[in-house]
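A.B. asks: predicted model and sequence below, questions to follow.
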Amino acid sequence: MKLRVSAVQYHLHTIQSFQEFAAQCEHYIKTAQEYGSEFVLFPEFFTTQLLSIGSEQGTRLTINELPGFTEQYRELFSRFAAETNMHIVGGTHVIQREGKLYNVAHLFYPNGRIEEQAKLHITPTEVHEWNMSAGDGLRVFDTDKGRIAILTCYDIEFPEIVRMAKAKGADVIFCPSCTDDRHGFHRVRYTSHARAIENQVYVVLTGTIGALPTVDFMRANFGQAAIITPNDIPFPPKGLQAEGELNNDMIITADLDLSLLYEVREKGSVTTWRDRRTDLYPDWEHKMEG
């Protein structure tokens, strides 16, 4: 089983209307479609670009106003998925439930189905500056091209949660990210490689680039898309199927061969998933079954 994936290095800049946002997203979607992609990944917090529109009174919008765009966002990406017959991981969008804000990844299916995965690990900035709440459960999603999971940015830095996703049968981890400097970027990038090696899965990663001068905590962005593989002979050197140009407005595309994952798990140079020492630490596979 093979699937073609694209990852968008989304360029954040000030816009004047929702229509501008829609047009920019459509550009990336159509590009992925032209490449024959079956999945396309947008980054974390890319919808904060909508806050740069401002209010009708000319005042700045804050993170608390972002959930007001939810229905427009969902309708737009549902239409994109239906028109292109692609699965779209629509980055993350901030939603409000019972008075609390959540940073939620959205998966749009071609048939109109929409699934959600809230971010499970919340950064200090999200907690103290934006009053975000953490999600309370990990999900995996079945598609006609295999089982996937969506873990957002900081989530990928926690080995346990990716072990759980693998134990639930996920072969591909989509990781929408948003980092503002080199330190944050490399934390996410290096741990994505580690998770691919530990669990013998693919990790599709991307982040925001550009700047939103009028949106608090989105003024700086440092990003690069990467399609990351285990480090073994059937895969490219350095565990990189594809990689974007740092901080450039672009999209990357590559094919993921799931049969290679099954091959290296069984008889690779190393078999990290099979060789985990469950006598010394928790066996997430058995926990998921229980």
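C.D. replies: Arrived safely, thanks for sending.

A.B. asks: was I right about Gln9 contacting Asn248?
C.D. replies: Yes - the pair Gln9 and Asn248 passes the contact test of C-beta atoms under 8 Å, sitting 6.3 Å apart. C-betas here are computed from N, CA, C, even on glycine.

A.B. asks: who has more neighbours, those two?
C.D. replies: Neighbour tally, Gln9 and Asn248, criterion other C-beta atoms under 10 Å: the higher count belongs to Gln9, 25 against 12.

A.B. asks: what helix or strand is that one located in?
C.D. replies: Per DSSP states H and E, Gln9 falls inside strand 2-12.

A.B. asks: buried sites along that strand?
C.D. replies: Within strand 2-12, the residues that count as buried by 16 or more other C-beta atoms under 10 Å are Leu3, Arg4, Val5, Ser6, Ala7, Val8, Gln9, Tyr10, His11, Leu12.

A.B. asks: make JSON lines out of these and add pLDDT.
C.D. replies: Below are the buried residues of strand 2-12 laid out as JSON lines (pLDDT from 0 to 100):
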{"residue": "Leu3", "pLDDT": "95"}
{"residue": "Arg4", "pLDDT": "98"}
{"residue": "Val5", "pLDDT": "98"}
{"residue": "Ser6", "pLDDT": "98"}
{"residue": "Ala7", "pLDDT": "98"}
{"residue": "Val8", "pLDDT": "98"}
{"residue": "Gln9", "pLDDT": "98"}
{"residue": "Tyr10", "pLDDT": "98"}
{"residue": "His11", "pLDDT": "98"}
{"residue": "Leu12", "pLDDT": "98"}
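
A.B. asks: which parts of the chain are strands?
C.D. replies: Along the chain, the stretches classed as strands by DSSP state E are 2-12, 39-41, 87-97, 100-108, 114-118, 132-133, 141-143, 146-150, 172-176, 202-206, 208-210, 226-228, 240-243, 250-257.

A.B. asks: for Thr31, which of the ones you listed is the nearest?
C.D. replies: Each of the strands of the chain was scored for nearness to Thr31 using C-beta to C-beta, and the closest is strand 250-257 (5.3 Å).

A.B. asks: please name the strands paired to the closest one in the sheet, noting orientation.
C.D. replies: Paired with strand 250-257 in the same sheet, following DSSP bridges, are strand 2-12 (antiparallel).

A.B. asks: on that earlier part again, just the closest of the buried residues of strand 2-12 to Glu263, please.
C.D. replies: Distance to Glu263, by C-beta to C-beta, is smallest for Leu3 among the buried residues of strand 2-12, at 16.4 Å.

A.B. asks: my read is that the closest one contacts Glu38, right?
C.D. replies: Yes - Leu3 is within contact range of Glu38, at 5.1 Å (criterion: C-beta under 8 Å).

A.B. asks: give the contact list for Ala105.
C.D. replies: Ala105 makes contact with 44, 89-92, 116-119, 150, 152, 174, 176, according to C-beta atoms under 8 Å, 6 or more residues apart in numbering.

A.B. asks: nearest to Arg139, of the residues you listed?
C.D. replies: Taking C-beta to C-beta as the measure, Arg139 sits nearest to Gln117 out of the contacts of Ala105, at 5.4 Å.

A.B. asks: for Gly99, see how far away the closest one is.
C.D. replies: Using C-beta to C-beta, to the nearest Å, we find Gln117 at a distance of 21 Å from Gly99.

A.B. asks: higher neighbour count, these two?
C.D. replies: Gln117 (24 against 6).

A.B. asks: what residues are bridge-paired with that one?
C.D. replies: Residues found in beta-bridge contact with Gln117 (criterion: DSSP bridges) are Ala105.

A.B. asks: mind checking pLDDT for it?
C.D. replies: At Gln117, the predicted lDDT confidence score is 98.

A.B. asks: quick one: residues contacting the residue lying farthest from the centre of the chain.
C.D. replies: Within the chain, Gln57 marks the point farthest from the mean C-alpha position, 34.0 Å out by C-alpha atoms, centre = their mean. With contacts taken as C-beta under 8 Å, 6+ apart, Gln57 has no neighbouring residues.

A.B. asks: show me whatever sits in contact with both of Gln9 and Asn248.
C.D. replies: Ile209.

A.B. asks: pLDDT wise, what is Gly290 at?
C.D. replies: The predicted local distance difference test score for Gly290 is 48.

A.B. asks: can you pull out the helices in this structure?
C.D. replies: 18-34, 70-84, 124-128, 159-167, 182-199, 258-267, 284-289 (DSSP state H).
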